[in-house]
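Trainee: here is my input, please return the structure:
(one chain, ligands or ions: 1)
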Amino acid sequence: MTSDRSTDTPSLDAHWMPFTANRQFKQAPRLLARAEGMHYWTQEGRQVLDGVAGLWCVNAGHARPRIVQAIAQQASVLDYAPPFQMGHPQAFELAEELVKLTPPGLDKVFFTNSGSESVETALKMALAYHHVRGEGSRTRLIGRERGYHGVNFGGISVGGIVGNRKLFGTLLSGVDHIRHTHDPARNAFSFGQPAHGAELADDLERLCALHDASTIAAVIVEPVAGSTGVLLPPQGYLQRLRAICDRHGILLIFDEVITGFGRTGQPFAAQTFGVTPDLMTVAKGLTNGCVPMGAVFAKSAIHDAFMRGPEQAIEFPHGYTYSAHPLACAAALATLQTYAEENLLTRASALHEHFGRALHALRGLPHVVDVRNIGLVGGVELAPLPDAPGKRAFDVFLDCWEQGVLIRTTGDTVALSPPLIIEKAHIDRIVDTLAGALRRAA
Ligand code: PMP
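Mentor: Below you'll find the model as predicted:
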């Protein structure tokens, strides 16, 4: 039965938790009751410093009053508006504000409710774009090993994580993958972008030779692969991928669900790395994690290709009941104002040195085999226990949790992605706590 006092633990039976070892969790639950700024408070009232911005999303810190008020105000004025054949002013205003931040040319915005939906939308846009301009033979989609693009069928098909794929049948047909860029033998402990591996982009040339480029619609990559361990693009890699796409008329999609909204030191990683994709997916930081919302940014030429039929035709047969939801638009507009007023979208570049140096000081501690960083995202890779991959990092996570610091682990990599409002003292506390946990893990 649900309790009426928030400090009581509710029954944990019914909730089937996503991406969670349910039975293990329910033996020792970690319940969050409140959040503000850089901190969570647990159900028992313990304060926890947030080293991961919730789940790479609360970039402006928790419970920002302006965002809270904007959502409440919007709910009282216009709670819902149908998005098909109808609109509301905030959706248009938000799109205009967003395209002021995107790289030049990414001038059109399609709203979704999550990163996974953004990915599906971008893949469908790519296929349909080629179709409407008479290149319907371009049906293949190319992803990358160790890519994470959400959990819907398109996303797990182009994604490169075996555990997310193997239970779900044959997935989308006509999908291929290029290799990932993780190369510890050549790049371990690189500070920022690693030097080696630009040539891995040439895998796309090999796939063009194998299938013929005229069958390939798009390639999708995360500029920085987050969920599989904070893997940075080697210097020159994204440029090379862009050049191959241009050479063969293939659309380049950047999945910026994690890297978007200031994580790498610019509004988008496309700007940090100086490469502009044709389509870009975002979510998470768009609303500071407050209300579910995602978006796809598209080049005008892609959008315009759909605008050629009879006036009354539905130009792109795709969308969601909650696309451009008024509450999400209000949250996003208030989030963008907060980012702008506090210069948060470039704050990660100012803290890149301090954060990177703090993380790289972990080199030499027990089990640490690599450290990777850019802006305010970092990965500390640990040597796995021989028969239990992921367990060592998870034990470190549990230890940090006990010490009042929330980190995240993916496989045997500890991932850090704190809110962009973080101060240097917070960075030092997170890394000191992590260092203590690593020593104890020895
Ligand atoms: N793409 C990337 C790169 C992601 O990191 C994520 C989520 N971490 C997604 C897509 C999926 O987003 P969501 O969980 O909002 O569906």
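
Trainee: got a list of contacts for stretch 238-246?
Mentor: For stretch 238-246, contacts defined as CB atoms under 8 Å, 6 or more residues apart in numbering pick out 198-199, 201-202, 204-205, 208, 219, 221, 223, 250-252, 273-278. C-beta: built from backbone N, CA, C; applies to glycine.

Trainee: and for residue 44, the neighbour number?
Mentor: The number of residues packed around residue 44, counting by other CB atoms under 10 Å, is 9.

Trainee: ah, wrong one, I meant residue 175
Mentor: 16.

Trainee: residue contacts, it?
Mentor: Applying CB under 8 Å, 6+ apart to residue 175 gives the contacts 140-143, 157-158.

Trainee: mind redoing it with 10 Å?
Mentor: Taking CB atoms under 10 Å, 6 or more residues apart in numbering, we find residue 175 in contact with 123, 140-143, 154, 156-159.

Trainee: what about it, distance to residue 241?
Mentor: Applying CB to CB, to the nearest Å, the value for residue 175 to residue 241 is 17 Å.

Trainee: and what of residue 369?
Mentor: Using CB to CB, residue 369 is found at 27 Å from residue 241.

Trainee: how far does stretch 188-201 stretch from one end to the other?
Mentor: Its start and end residues considered, stretch 188-201 measures 19 Å (CA to CA, to the nearest Å).

Trainee: now do stretch 250-266
Mentor: Stretch 250-266 end-to-end distance (CA to CA) = 26 Å.

Trainee: and residue 107, how many neighbours does it have?
Mentor: 17.

Trainee: wait, isn't it in contact with residue 278?
Mentor: No: counting by CB atoms under 10 Å, residue 107 sits too far from residue 278 to count as a contact (11.9 Å).

Trainee: ok, now which ones touch the nearest residue to residue 203 once chain neighbours are set aside?
Mentor: Among residues not flanking residue 203 along the chain, residue 178 sits closest, at 3.7 Å (CB to CB, 6 or more residues apart in numbering). Contacts for residue 178 (CB under 10 Å, 6+ apart) come out as 142-145, 147, 160, 200-207, 219, 221, 241, 244.

Trainee: counting by contacts, list what the helix or strand containing residue 93 packs against.
Mentor: Take DSSP states H and E as the rule and residue 93 turns out to sit in helix 89-99. Applying 3 or more CB pairs under 10 Å, 6 or more residues apart in numbering; DSSP states H and E, one finds that helix 89-99 makes contact with helix 65-77, strand 106-112, strand 294-299, helix 326-341.

Trainee: now the angle between strand 294-299 and the last one, please.
Mentor: I take that to be helix 326-341. Angle between the axes of helix 326-341 and strand 294-299 is 70 degrees (criterion: axes from the mean of the first three to the mean of the last three CA atoms, to 10 degrees).

Trainee: tell me if helix 326-341 is near the ligand.
Mentor: No: figure legend: helix 326-341 not in contact with the ligand (CB under 6 Å from any ligand atom); closest approach 12.5 Å.

Trainee: A strand includes residue 58, no?
Mentor: No: assigned with DSSP: H, G, I helix; E, B strand; the rest coil, residue 58 falls outside any strand and is coil.

Trainee: count of neighbours near residue 82?
Mentor: Residues lying near residue 82 (other CB under 10 Å) number 10.

Trainee: what secondary structure does it sit in?
Mentor: What three-state DSSP gives for residue 82 is coil.

Trainee: these two touch, right, it and residue 88?
Mentor: Yes: with contact defined as CB under 10 Å, residue 82 counts as touching residue 88 (9.4 Å).

Trainee: near the ligand, which residues of the stretch 251-400 of the chain are found?
Mentor: Counting by CB under 6 Å from any ligand atom, the stretch 251-400 of the chain sits next to the ligand at 255, 257-258, 283.

Trainee: most neighbours among these, which one is it?
Mentor: residue 255 (34 neighbours).

Trainee: rewinding a little: may I see the buried residues of the helix holding residue 93?
Mentor: Buried residues in helix 89-99, counted by 16 or more other CB atoms under 10 Å: 90-91, 94-95, 98-99.

Trainee: same check on stretch 267-280?
Mentor: Within stretch 267-280, the residues scored as buried using 16+ other CB under 10 Å are 267-273, 275-280.

Trainee: coming back round to it: in the contacts of residue 175, find the pair that's most separated.
Mentor: Comparing every pair within the contacts of residue 175 by CB to CB identifies 140 and 156 as the most remote, at 16.6 Å.

Trainee: pull the distance from the strand or helix carrying residue 359 to the chain's centre.
Mentor: According to DSSP H and E, residue 359 maps onto helix 347-360. Relative to its chain's centre, helix 347-360 lies at 20 Å (CA atoms, centre = their mean, to the nearest Å).
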